[in-house]
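**Student:** fold the following.
(2 chains)
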Amino acid sequence: MPYTIQTHKLTKTFNTLKAVDSLDITVEPGEIFGLLGPNGAGKTTTVSMLCTILKPTSGTATVNGYDLISEADKVRKSIGIVFQDPSIDDRLTARENLTMHANLYGVPASEQKDRIARILKLVELEDRADDLLRTYSGGMRRRLELGRGLIHYPKVLFLDEPTVGLDPQTRDHIWKYIKELKEAHDITVVLTTHYMDEADRLSDRIAIMDHGKIVVLDTPPALKETLEGDVVTVRANNIDALNKLVSHWLGLNQTRIVDGALEITVHNGKAALPRIMEIATQNNIYVESLISREPNLEDVFLHYTGRSIREDNSRELHGLAAAQRRAIR
Amino acid sequence: MTEIRALYTLWLREIKRFIRDRVRVIVSFVQPLLWLVVFAGGFGARLLIPGINYQQYLFPGIIGQTLLFTAMFMGISVIWDKEFGFMKEILVAPVSRFTIFMGKMFGDSTAALLQGIIVFAFGFILGIPFNPITLIAVLPIMLLITFGLVSVGLTIASFMGSLENFGAIQTFINLPLFFLSGALFPVSGPGTPEWLQVASTFNPLTYGIDALRTIILGSAWTPLQPLYINLGIVCIFDVVMVGVGTWAFGRMK
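**Tutor:** Numbers count the residues shown, from 1 in each chain, chains lettered A, B, ... in the order given. I've put the predicted structure just below:
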């Protein structure tokens, strides 16, 4: 089966900055492919090139078998895009926005009414279809944009940070819609996000992207398994001292300080807990709390990139650990 | 066929947005009346134009001014679209940039024409004499004037990043074109400064308004240029500006 998307050394340079650096990825038909990375990692640039909005500096790619550069028009007809920022006309109604999209994408006039009715039902906006969009909430607008991207029956739907700025309940709804839309329309989805939970919940495969390159690519469970172990989080009165002692005990630099707590990666969390407690009491360090948990995508990201995905950088690795992690890359 | 449907849908959007902007519609009624009643009332008593009263002279000028201001204002909607993100939806669609430009251009021109018709209707109230043929002849001329002006507005807006510079359009485009067009006072004849005469010959609106006066005022008005020259110049201006506008839209990201 041919790939839905295939890139070959896809590169985009802005002045001297390599936003996307020799990207080689393949997206299979019917999957939800997640591009996960911090802001500025090159996710949106990648998607913009695949949507023919930006011209690659070098390299090539095919989308639905069409060449990105020589068959840009065919690529555009075969894809749907939900942009990171809102892109609806709020002085028009939902139905008018959808009709306009249908006309721009050459949907036959005889089919428009039917398709629009179905999409409105799918995103549960039928009863508000003839209201101006300025009266809509952020979540409702987002739902409409998701639906709009499907009016012309695209084979691939690009979702660029689909839930940024939405409240948790709405995000949950949007995720549900994305899954439903994908099933109902039998499409391939390319999703960019900097939310771990979003990538985890939706993606069949995740590519972690940093500094314009793919750092690692696998299914969410496989990515978590690569960490081989549990994460122990300790809160204590003298974190720095405990960090040194535990590092010494483990021999390897498997520790990091995150938000004032010590995080330790160990093979068996339950077995490690008493040992850590012991080290602390022997050295007169008072332990406030001690928890062992399975690794999440956040840990995976930290492991491969040496830093946290969060914008405030509060999870920067400290000292030696950071230097070593970076050396892995 | 796809391109024509896209053109239609883009045109329809501009019209809908225009009609739904209530404040704009009210302004379009009030502003020309202020010019034609208050300004013409005070100013006309001092400015004597042989053969016609000042209100009659000003009337075609205010139609031209309305077309100019509306055209520029509508063109600026491109900045609005960029700022609110809708431009992206249009630009990524599988539609040529020429079609996108023409859709917006026809839409905004239609809106400006509607404004022009409203002002034209005031002519009846003000007692300016015309026959039904005048109305039929004036419509295409108004459209021809508008096409080029809207294209200027769209071109400028495609280069501008934000609405902050909106006031500059007023200062550097609208008012100079308005003042140098003969809308308010004659731009030729004895006593007119030479620089003003020369400057007005480079203004496409001068020819548009002269054409409007030729039709509306009939034999009472002595045209600057014969009608076919006036319209010829306006047409050339339109074609050039549509070309420039399509190019400007083509480079928009």
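**Student:** which residues does stretch B:147-159 contact?
**Tutor:** B:67-68, B:71-79, B:101, B:104-105, B:108-109, B:112, B:169, B:173, B:204-205, B:234, B:237-238, B:240-242, B:244-245, B:248-249, B:251-252 (CB atoms under 8 Å, 6 or more residues apart in numbering or on different chains). Just so you know, the C-beta spots here come from the backbone N, C-alpha and C atoms, and that holds for glycine as well.
**Student:** what helix or strand is residue 55 on?
**Tutor:** Using chain A. Under DSSP states H and E, no helix or strand contains residue A:55.
**Student:** think we crossed wires, I meant chain B
**Tutor:** Using DSSP H and E, residue B:55 falls within helix B:54-75.
**Student:** for that helix, packing partners?
**Tutor:** Under the contact definition 3 or more CB pairs under 8 Å, 6 or more residues apart in numbering or on different chains; DSSP states H and E, helix B:54-75 sits against helix B:22-33, helix B:40-43, helix B:97-125, helix B:132-159, helix B:175-179, helix B:204-217.
**Student:** what residues of the shortest one count as buried?
**Tutor:** Judged by neighbour count using 16 or more other CB atoms under 10 Å in any protein chain shown, the buried positions of helix B:40-43 are residue B:40.
**Student:** avg pLDDT for it?
**Tutor:** For helix B:40-43, mean pLDDT is 87.
**Student:** packing partners of it?
**Tutor:** Judged by 3+ CB pairs under 8 Å, 6+ apart, helix B:40-43 is in contact with helix B:54-75.
**Student:** burial measure for residue A:275, as a count.
**Tutor:** Residue neighbour count, defined by other CB atoms under 10 Å in any protein chain shown, stands at 14 for residue A:275.
**Student:** that one against residue A:246, yeah?
**Tutor:** No - the pair residue A:275 and residue A:246 does not pass the contact test of CB atoms under 8 Å, sitting 9.0 Å apart.
**Student:** need the pLDDT of whichever residue of the stretch 151-253 of chain B sits closest to chain A.
**Tutor:** Nearest residue of the stretch 151-253 of chain B to chain A (CB to the nearest CB) works out as residue B:253 at 7.4 Å. Predicted confidence (pLDDT) for residue B:253: 75.
**Student:** does it touch residue A:48 like I think?
**Tutor:** No - using CB under 8 Å, residue B:253 is not in contact with residue A:48; the gap is 9.5 Å.
**Student:** contact residues of the stretch 51-200 of chain B facing chain A?
**Tutor:** By CB under 8 Å from any CB of the partner chain, the residues of the stretch 51-200 of chain B that approach chain A are B:81, B:84, B:85, B:86, B:88, B:89, B:90, B:91, B:92, B:93, B:94, B:95.
**Student:** at 7 Å instead, please
**Tutor:** Applying CB under 7 Å from any CB of the partner chain, we find that the stretch 51-200 of chain B lies next to chain A at B:85, B:86, B:88, B:89, B:92, B:93, B:94, B:95.
**Student:** the first one and residue A:80, how far apart?
**Tutor:** Right, the one you point to is residue B:85. 16 Å (CB to CB, to the nearest Å).
**Student:** how about low-confidence regions in chain A?
**Tutor:** Counting by pLDDT under 70, chain A shows low-confidence ranges at A:1, A:251-253, A:307-329.
**Student:** how is it carved up into domains?
**Tutor:** According to automatic domain parsing, chain A comprises the domains A:5-223, A:227-328.
**Student:** what sits against residue 133?
**Tutor:** Went with chain A since none was named. A:88, A:90, A:92, A:93, A:94, A:97, A:141 (CB atoms under 7 Å, 6 or more residues apart in numbering or on different chains).
**Student:** actually chain B
**Tutor:** Contacts of residue B:133 (CB under 7 Å, 6+ apart): none.
**Student:** for it, give its distance to chain A.
**Tutor:** Distance from residue B:133 to chain A, counting by CB to the nearest CB, to the nearest Å: 37 Å.
**Student:** re the thing from before, higher neighbour count, residue B:85 and residue A:80?
**Tutor:** The residue with more neighbours, out of residue B:85 and residue A:80, is residue A:80; 28 against 17, by other CB under 10 Å.
**Student:** what pairs with the more buried one across the strands?
**Tutor:** Beta-bridge pairing of residue A:80 under DSSP bridges involves residue A:157.
**Student:** ok, residue A:145 to residue A:55 distance?
**Tutor:** Residue A:145 is 25 Å from residue A:55, where distance means CB to CB.
**Student:** whoops, I mixed them up, residue A:270
**Tutor:** In terms of CB to CB, residue A:270 sits 54 Å off from residue A:55.
**Student:** now the residue of chain A most remote from its centre. Its backbone dihedrals?
**Tutor:** With CA atoms, centre = their mean as the measure, chain A has its most outlying C-alpha, relative to the mean C-alpha position, at residue A:282: 43.5 Å. Per-residue torsions, residue A:282: phi -60, psi -30 (degrees, to the nearest 10).
**Student:** in the stretch 201-329 of chain A, what residue lies closest to chain B?
**Tutor:** For the stretch 201-329 of chain A, the residue closest to chain B is residue A:212, as judged by CB to the nearest CB, at 19.8 Å.
**Student:** hmm, residue A:22 and that residue touching each other?
**Tutor:** No - using CB atoms under 7 Å as the test, residue A:212 is too far from residue A:22 to be in contact (8.5 Å).
**Student:** ok, those two, which is more surrounded?
**Tutor:** Set side by side, residue A:212 and residue A:22 show more neighbours around residue A:212, with 22 against 15, by other CB under 10 Å.
**Student:** nearest spatial neighbour of residue B:41, skipping sequence neighbours?
**Tutor:** residue B:55 (8.0 Å; CB to CB, 6 or more residues apart in numbering or on different chains).
**Student:** ok, residue B:24 next?
**Tutor:** Residue B:24 sits nearest to residue B:18 (CB to CB, 6+ apart), 7.0 Å away.
**Student:** which of the three states applies to that neighbour?
**Tutor:** Put simply, residue B:18 is helix when judged by DSSP: H, G, I helix; E, B strand; the rest coil.
**Student:** could you measure from it over to residue B:107?
**Tutor:** Residue B:18 is 8 Å from residue B:107, by CB to CB.
**Student:** check residue A:112 too.
**Tutor:** With distances taken as CB to CB, residue A:112 is found 20 Å from residue B:107.
**Student:** between the two, who's got more neighbours?
**Tutor:** residue B:107 (25 against 16).
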